[in-house]
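Chemist: Just the structure for this:
(one chain, ligands or ions: 1)
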Amino acid sequence: MGSDLIYRGHETQPQADVYSPKPQKPWLSLSATRPIRYMLREQRLVFVLIGIAIATVFFTVLPSSPAHLNHKYHPIPDSYFPSESTHLTHRVAYEHLGGFGAMNSGGKVPLGLKRKGLRIVVTGGAGFVGSHLVDRLISRGDSVIVVDNFFTGRKENVMHHFGNPRFELIRHDVVEPLLLELCSFRFVFSVFFFFLWGFWKSLILLTRVYKTNVVGTLNMLGLAKRIGARFLLTSTSEVYGDPLQHPQVETYWGNVNPIGVRSCYDEGKRTAETLTMDYHRGAGVEVRIARIFNTYGPRMCIDDGRVVSNFVAQALRKEPMTVYGDGKQTRSFQYVSDLVEIPASILLIYQLTYSHVIRRKAPP
Ligand SMILES: O=c1ccn([C@@H]2O[C@H](COP(=O)(O)OP(=O)(O)O[C@H]3OC[C@@H](O)[C@H](O)[C@H]3O)[C@@H](O)[C@H]2O)c(=O)[nH]1
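Modeler: From the prediction side, this is the model:
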């Protein structure tokens, strides 16, 4: 009976924790429309529309790069290539926008930001002109890989860059292929093979001059093509040979003796120019050719046989200066630091819409 005294009132209480499913809501419930109603109520929609309008104006009305950079192909102007090349079209710098061309090509570099350095391979970079170019490139913030076999180049010309993380030196002869793996970078190549008459005078070395200019240029063009780099050939005024026209303009084809004593250099550079233009026309490699005239300055070899070094050496030894021939020949001379401003700036000119032969020559 005791059990009768037990309170059993709870058995009659409603079961609060019994599961009772909520009624199904329609698919587009009130909670789903709540943000919309909020936006309408708070007039947020106006701000959203204003934002979209600003973005539209920014990305469509204002071009991301200057109009002249939006063209993919441009004819080569007649004034530079009066032969069959005038009818050809070719690629231009800003097609390589994934690489170094992207750096300054769009005109949208925020004010105050420094230019991103280029990655440049300079062959012959330990030589007279090459080392001055390397100095110039490093000083403006570029990264440089010098390739040199030290035939005429000297380690002392670039030693002051040792330890700089933006400088590398490779002992290599460009006559052999250079299998650098440079994926994801866009390098620029400068090729320096200058003719030092006092040095290259034996038969074996004269044939070597030709081979270096031709096979070396071919190898470097192949590398430039493989990695999608811009290529600068440093050519020479000697492609005009013994010119019949003064001053020489880019459209003048020269007067070269193919069997002359210095023809290995003249013809070697002429072939190098031919190869450069063939890689441009046939493979779309973007190229520059700079025809450099008589250059002097620090790091010249005193015995390289050129007129400035010869005269200086003879003056220092208090010997008479030797004037070859009738002495009526003329030259334009330039100081090396003036010269290297030109290739350095060539590499930066993204606005150039055609490959360009640039003849660097001081006024006579
Ligand atoms: O002792 C000398 C040396 C040279 N000369 C004359 O001086 C003139 C200049 O001769 P250089 O040997 O200095 O050089 P060049 O101007 O012919 O070529 C030079 O400049 C262009 C570069 O591409 C060449 O690599 C470089 O040799 C020539 O007419 C030469 O006959 C002399 O009268 N005396």
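Chemist: Next, count neighbours for the residue of the stretch 151-300 of the chain found nearest the ligand.
Modeler: Here the stretch 151-300 of the chain gets closest to the ligand at one residue, Thr236, 3.1 Å apart by CB to the nearest ligand atom. C-beta: built from backbone N, CA, C; applies to glycine. The number of residues packed around Thr236, counting by other CB atoms under 10 Å, is 23.
Chemist: Ok, Ile204 next?
Modeler: Under the neighbour criterion other CB under 10 Å, Ile204 is assigned a count of 7.
Chemist: Kindly report the same for the one 3 residues further on.
Modeler: By the other CB under 10 Å criterion, the neighbourhood of Thr207 contains 13 residues.
Chemist: And the one 5 residues further on, by the same measure?
Modeler: Using other CB under 10 Å, the number of residues around Thr212 comes to 25.
Chemist: doesn't Tyr265 make contact with the residue of the stretch 151-300 of the chain closest to the ligand?
Modeler: Yes: the pair formed by Thr236 and Tyr265 meets the contact definition of CB atoms under 8 Å, at 7.3 Å.
Chemist: And the residue nearest to the residue of the stretch 151-300 of the chain closest to the ligand when sequence neighbours are not counted, which helix or strand is it part of?
Modeler: When the adjacent residues along the chain are set aside, Thr236 lies closest to Lys269, with 5.1 Å between them (CB to CB, 6 or more residues apart in numbering). Remark: Lys269 resides in helix 263-283, with elements defined by DSSP states H and E.
Chemist: Can you show me the CA trace of that helix as PDB?
Modeler: Once non-C-alpha atoms are left out, helix 263-283 reads as follows in PDB (Å, rounded to 0.1, in the frame of the first residue of the first chain):
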ATOM      1  CA  SER A 263      86.900  39.700 -92.200                       C
ATOM      2  CA  CYS A 264      86.600  37.000 -89.600                       C
ATOM      3  CA  TYR A 265      85.300  39.700 -87.300                       C
ATOM      4  CA  ASP A 266      83.300  41.700 -89.900                       C
ATOM      5  CA  GLU A 267      81.700  38.700 -91.400                       C
ATOM      6  CA  GLY A 268      81.300  37.000 -88.000                       C
ATOM      7  CA  LYS A 269      79.200  39.900 -86.700                       C
ATOM      8  CA  ARG A 270      77.300  40.100 -89.900                       C
ATOM      9  CA  THR A 271      76.400  36.500 -89.600                       C
ATOM     10  CA  ALA A 272      75.500  37.000 -86.000                       C
ATOM     11  CA  GLU A 273      73.100  39.800 -87.000                       C
ATOM     12  CA  THR A 274      71.600  37.500 -89.700                       C
ATOM     13  CA  LEU A 275      71.100  34.700 -87.100                       C
ATOM     14  CA  THR A 276      69.500  37.200 -84.700                       C
ATOM     15  CA  MET A 277      67.000  38.400 -87.300                       C
ATOM     16  CA  ASP A 278      66.300  34.900 -88.400                       C
ATOM     17  CA  TYR A 279      65.400  33.900 -84.800                       C
ATOM     18  CA  HIS A 280      63.300  37.000 -84.600                       C
ATOM     19  CA  ARG A 281      61.400  36.400 -87.800                       C
ATOM     20  CA  GLY A 282      61.300  32.600 -87.700                       C
ATOM     21  CA  ALA A 283      60.900  31.900 -84.000                       C
END
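Chemist: Show me what it is packed against.
Modeler: Counting by 3 or more CB pairs under 8 Å, 6 or more residues apart in numbering; DSSP states H and E, the packing neighbours recorded for helix 263-283 are helix 203-211, helix 217-227, strand 230-236, strand 287-292.
Chemist: Deepest in the core, which of these is it.
Modeler: Of all the helices and strands packed on helix 263-283, strand 230-236 carries the top mean neighbour count, a mean of 25, counting by mean count of other CB atoms under 10 Å.
Chemist: Report the mean confidence score over that one.
Modeler: If you average the pLDDT over strand 230-236, you get 89.
Chemist: quick check: angle from it to strand 287-292?
Modeler: Inter-element angle recorded for strand 230-236 and strand 287-292: 20 degrees (by axes from the mean of the first three to the mean of the last three CA atoms, to 10 degrees).
Chemist: re earlier: what about the residue nearest to Thr236, how many residues nearby?
Modeler: When neighbours are defined as other CB under 10 Å, Lys269 has 29 of them.
Chemist: need the contact list for it.
Modeler: Phe193, Asn213, Ser235, Thr236, Glu238, Val239 (CB atoms under 8 Å, 6 or more residues apart in numbering).
Chemist: doesn't Ile120 make contact with Asp142?
Modeler: Yes: at 5.5 Å, Asp142 and Ile120 qualify as touching, with contact defined as CB under 8 Å.
Chemist: Tell me which of those two has more neighbours.
Modeler: Applying other CB under 10 Å to Asp142 and Ile120 shows that Ile120 carries more neighbours, namely 27 against 23.
Chemist: Surely the more buried one and Val144 touch.
Modeler: Yes: if you go by CB under 8 Å, Ile120 and Val144 touch, sitting 5.2 Å apart.
Chemist: picking up where we left off before, and the helix holding Lys269, which residues are buried?
Modeler: When burial is assessed from 16 or more other CB atoms under 10 Å, helix 263-283 yields the following buried residues: 263-273, 275-277, 279-281.
Chemist: do it and the ligand meet?
Modeler: No: judged by CB under 6 Å from any ligand atom, helix 263-283 makes no contact with the ligand; its nearest approach is 6.7 Å.
Chemist: Send over stretch 120-139 as PDB, restricted to the C-alpha atoms.
Modeler: Only the C-alpha atoms of stretch 120-139 are listed here, as PDB (Å, rounded to 0.1, in the frame of the first residue of the first chain):
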ATOM      1  CA  ILE A 120      70.100  39.300 -67.200                       C
ATOM      2  CA  VAL A 121      72.700  37.000 -68.600                       C
ATOM      3  CA  VAL A 122      75.700  38.900 -70.000                       C
ATOM      4  CA  THR A 123      78.000  36.800 -72.000                       C
ATOM      5  CA  GLY A 124      81.500  38.300 -72.200                       C
ATOM      6  CA  GLY A 125      80.600  40.100 -69.000                       C
ATOM      7  CA  ALA A 126      84.100  40.000 -67.600                       C
ATOM      8  CA  GLY A 127      85.600  41.900 -70.600                       C
ATOM      9  CA  PHE A 128      86.100  45.600 -71.200                       C
ATOM     10  CA  VAL A 129      82.700  46.700 -72.300                       C
ATOM     11  CA  GLY A 130      80.800  43.800 -70.800                       C
ATOM     12  CA  SER A 131      82.100  44.500 -67.300                       C
ATOM     13  CA  HIS A 132      81.000  48.100 -67.500                       C
ATOM     14  CA  LEU A 133      77.600  47.000 -68.600                       C
ATOM     15  CA  VAL A 134      77.500  44.600 -65.600                       C
ATOM     16  CA  ASP A 135      78.400  47.500 -63.300                       C
ATOM     17  CA  ARG A 136      75.600  49.600 -64.700                       C
ATOM     18  CA  LEU A 137      73.000  46.800 -64.400                       C
ATOM     19  CA  ILE A 138      73.900  45.900 -60.900                       C
ATOM     20  CA  SER A 139      73.900  49.500 -59.800                       C
END
